[in-house]
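Peer 1: Can you look at this prediction? I've put the sequence above it.
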Amino acid sequence: MSASVRPARVGASRQASFSPYPDSGVSRQVQSFVENLAQNAPVGSEATIAFLKQVVTLADTAQESVQKATKQAVEVAQSNLDAATKAASEVTEAADEVVKKAAKAAKAAKQ
């Protein structure tokens, strides 16, 4: 595997690990729990239930914001990695050409 392909594969696998909603099942369970709690709560606990519902909503919003920011950071890192890999590849190719020309010149000088 070439040196330029390896980082690209690593970056792609890292990006795939950041799925858009990995904890959505947990969020649904918490919402279901709060709804069940609301149905079985004693009279006069409406304010507490409303507060819990708002906390769950705010937590979901915060989670989505963090996931979006993480995704953007991964995309920027992948872009930077791609640019660095391309630059390194170009430098390597240029160095190979210089070495080939130097080898030819040295061979010609010996003759």
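Peer 2: Now that the structure is in, tell me what you want to look at. The structure presented is a predicted model; accordingly, all values stated were derived computationally and were not measured.

Peer 1: Could you measure from Thr57 over to Arg28?
Peer 2: To Arg28, Thr57 is 13 Å away according to C-beta to C-beta, to the nearest Å. Where you see a C-beta, it was placed from the backbone N, CA and C, and this is true even at glycine.

Peer 1: Compare these two (neighbour count), which wins?
Peer 2: Counted by other C-beta atoms under 10 Å, Thr57 and Arg28 do not tie: Thr57 has more neighbours, with 13 against 10.

Peer 1: what's the burial count for Leu52?
Peer 2: By other C-beta under 10 Å, 19 other residues sit near Leu52.

Peer 1: Okay, and the residue lying closest to it once chain neighbours are set aside sits in which element?
Peer 2: Leaving aside its sequence neighbours, Leu52 sits nearest to Val34 (C-beta to C-beta, 6 or more residues apart in numbering; 5.0 Å). When secondary structure is defined by DSSP states H and E, Val34 falls within helix 24-40.

Peer 1: which strands and helices sit next to that helix?
Peer 2: Counting contacts by 3 or more C-beta pairs under 8 Å, 6 or more residues apart in numbering; DSSP states H and E, helix 24-40 packs against helix 46-110.

Peer 1: The helix it packs on versus helix 24-40: what angle between them?
Peer 2: Here helix 46-110 points in a direction 180 degrees away from that of helix 24-40 (axes from the mean of the first three to the mean of the last three C-alpha atoms, to 10 degrees).

Peer 1: if I look at the residue nearest in space to the middle of the chain, how far off is Leu81?
Peer 2: Central residue of the chain (C-alpha atoms, centre = their mean): Val74, 3.6 Å from the mean position. Val74 sits 10 Å away from Leu81 when distances are taken as C-beta to C-beta.
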